[in-house]
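J.: quick one, structure for this:
(chains A and B)
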Amino acid sequence: MLRIQNLYFKYPKSEFKLQTEDLLFKKGETHALIGPSGSGKTTLLNLIAGISTPLKGSIKYKDIEISKLSEAQRRAFRISRIGFVFQDFKLINYLNVFENIMLPYRINARLKIHPKVRARINTLSEYAGIDKYLSKYPKNLSQGERQRVAICRALITQPELILADEPTGNLDPKNKKKILDLLFKYCKEEGTTLITVTHDHELLPDFDEVIDFSKLLSEDEIEVRTNKTNREP
Amino acid sequence: MKNSLYLAFQYIWYHKIRTLILVASITIIVFIPNGLEKLITESEVRMMDRAASTPLIVGEKGSSTDLVINSLYFQNEKLEPVSMAEVDELNSLGFGYCIPILTGFNARSYPIVGTTLDYLKFRNMSLLEGKKMASIGDCILGNNVAEELNLKAGDHIISSPESFFDFAGVYPLKMKITGILNPTNTPDDHAIFTDIKNTWIIMGIGHGHQDLADETDPTLVMDNKDGVVTATAKVFMYNEITEKNKDSFHFHGQQKDFPVSSMLFVPKDEKSLTILRGRFESGEIESQAVVPQEVVRNLLNSIFRIKQIFDGVFIAVGFATLLIFILIMTLTIRLRKDEIKTLEIIGSSRFKVAGILSMEVAIMFITSLAFAFILYLVSGYYVNTFIEKFII
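T.: Okay, the predicted model is just below:
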């Protein structure tokens, strides 16, 4: 379904480079990307989403060569097929929970707001256990509740692919499990592919596949990158 | 568009206080110069109207501005008086007629204008109720005075003493209100008109008291020589002119020497006015004659110069406000960098994000302009009251 071949990416004016072998992400499967900070996990998510474009190689989703799309096409690809979940939730503080979930429909003219969308927000919020908080603002929610809202926002467009960048990074152990269970359950039911960056090794057994980025790099590269930076490039 | 507007509105609503402060600042900056412009324009029209309707004012030499302000607006600037003899002299020249005005006294904070019935005729003033003053002790009220003091024809009003500590000075005089004038939207609405003789009585030049010839109390008389009786302070002074005591009122001295604040001169024609002005300018007549329009125009020119300074200040303040606004927006965008990036990642174009931010700015500016416009309309409604209360 999503195939990455001979990928090569380098940030301008930076020593960082990402080079991968062939990677295949199948429909309905859950994948964990692990590895030291700076190893390129988030960069890979950005490349898949079309936020960055590779210098060499190919990222192909079904028959679509993502790297060859124009910026507008990549944006359309993102909005119609990808759902994003971030470590720090990235909710909009001036919108209530309902409007945060509705946000993709508000910011892209391709998505039309119709009664079914509203009904879906209600269904999703019930599914995620946040239906009581629809009129509340993010500041009034707990960390776990905020991440559930972020997940609902990612799922509202019925994406075929969910890209989650450390979705459990800011959560306590109990909430980590709950959030991942919610994502796994949805992906199994809807046949959605999940690609998650994570540092929580205790959660890895739940994934269908674990891709270890440290194995993509040489020992020297790992040492250099982990010493140089504490954050993802 | 609709969604951008919705999101912009949500942002503004969430940050109500911040928005309100910005909107208030812009509103004030937009409103003040425009409101001031309206106020000055209206004041100019009102002042020029009043000045244009008065051909010439004659008074003692001194500040021409004080002379005009006193004669047209009855403000309490104390003028050096001219004498009634000058009124008679001007009348005798045959160029027109004089209307004497004596001001400087108040009743319940409203100026008492001592004049003749010619003044009412000259200003085309008509009565809303009652009748014109017919004898000494009578007065008629400007429309606002009657309204604000809730007085009607038949009521009385008492002149205020000049100083509470001046026991030997001006006595309060209780005047009978014989009529109320129709509104004129001029300073006449805020004045009390009475015969000039009443004003002289208020000044203490004339008075009425118990008849000493009939009294048997020797302590009332200080001296009695050759038929001239000098009374003591014990003698009872009347403070109201009634039918009964009217005859006891009398003036000391000759009327030609009695004071007049100024005179409105009504010329027969333009030629008479020019000749008369020539006589004043050549020094043939000692007092000064001023054309109110010229004086008011000079006064307004000074106001306009001050307004120009204000305009400069407002432009500078407006520019500073704009810079602060830009700074706030720049800082806000910087603070919202994360939010903007999120919007772009989940599928918004940069154009859309710019659209949302522009909508926020547009909503704030349109709201400010709307508030400024409402304030402008409201100030327009109250501008006449403001002018009457604070300017003329």
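J.: quick one: contacts for residue B:156?
T.: B:174-177, B:240 (C-beta atoms under 8 Å, 6 or more residues apart in numbering or on different chains). For the C-beta atoms, the positions are set from N, CA and C on the backbone; glycine is no exception.
J.: can you lay out those as a markdown table showing neighbour count, secondary structure and pLDDT?
T.: As requested, these are exported to a markdown table (neighbours: other C-beta atoms under 10 Å in any protein chain shown; DSSP: H, G, I helix; E, B strand; the rest coil; pLDDT from 0 to 100):
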| residue | neighbour count | secondary structure | pLDDT |
| --- | --- | --- | --- |
| B:174 | 15 | strand | 90 |
| B:175 | 28 | strand | 92 |
| B:176 | 19 | strand | 93 |
| B:177 | 24 | strand | 94 |
| B:240 | 15 | strand | 83 |
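J.: which two from those end up farthest apart in space?
T.: Using C-beta to C-beta, the contacts of residue B:156 span at most 12.7 Å, a distance reached by B:177 and B:240.
J.: about what we covered before: looking at the contacts of residue B:156, spot the one nearest residue B:125.
T.: Distances from residue B:125 to these, taken by C-beta to C-beta, are shortest for residue B:177, at 15.2 Å.
J.: close enough to count as contact, that closest one and residue B:130?
T.: Yes: if you go by C-beta atoms under 8 Å, residue B:177 and residue B:130 touch, sitting 7.2 Å apart.
J.: find the residues that touch each one of the two.
T.: Shared contacts of residue B:177 and residue B:130 (C-beta under 8 Å, 6+ apart): B:140, B:152-154.
J.: list the helices and strands the biggest strand by length in chain A packs on?
T.: Looking across chain A with DSSP state E, the single longest strand is strand A:2-10. Counting contacts by 3 or more C-beta pairs under 8 Å, 6 or more residues apart in numbering or on different chains; DSSP states H and E, strand A:2-10 packs against strand A:17-19, strand A:23-25, helix A:41-49, strand A:56-61.
J.: strand A:2-10 and the third one, what's the angle between them?
T.: It stands for helix A:41-49. When axes from the mean of the first three to the mean of the last three C-alpha atoms, to 10 degrees is applied, the directions of helix A:41-49 and strand A:2-10 differ by 120 degrees.
J.: who are the packing partners of helix A:41-49?
T.: By 3+ C-beta pairs under 8 Å, 6+ apart, helix A:41-49 packs against strand A:2-10, strand A:17-19, strand A:30-34, strand A:56-61, strand A:82-85, strand A:161-165, strand A:193-197.
J.: regarding chain A, what is its longest helix?
T.: helix A:173-190 (DSSP state H).
J.: what's the angle from it to strand A:161-165?
T.: 170 degrees.
J.: chain center to helix A:173-190: distance?
T.: Its chain's C-alpha centre and that of helix A:173-190 lie 14 Å apart, by C-alpha atoms, centre = their mean, to the nearest Å.
J.: tell me the mean pLDDT for that helix?
T.: Throughout helix A:173-190, pLDDT has a mean value of 86.
J.: contacts for it, please.
T.: Outside helix A:173-190, the residues that touch it by C-beta under 8 Å, 6+ apart are A:28, A:30, A:85, A:127-128, A:143-144, A:147-148, A:151, A:155, A:158, A:162, A:164, A:167-168, A:171, A:192-194, A:196, A:200, A:203, A:206.
J.: and for stretch B:372-388?
T.: For stretch B:372-388, contacts defined as C-beta under 8 Å, 6+ apart pick out B:26-27, B:30-31, B:34-35, B:38-39, B:42-43, B:46, B:144, B:185, B:187, B:189-190.
J.: try stretch A:17-28
T.: A:1-10, A:31, A:40, A:43-44, A:47, A:57, A:160-161, A:187-188, A:191-193, A:195, A:211, A:216.
J.: please pick the buried ones from these.
T.: Listed as buried from the contacts of stretch A:17-28 are A:2, A:4, A:7, A:9-10, A:31, A:40, A:43-44, A:47, A:57, A:160-161, A:187, A:192-193, A:195, A:211, A:216; burial here means 16 or more other C-beta atoms under 10 Å in any protein chain shown.
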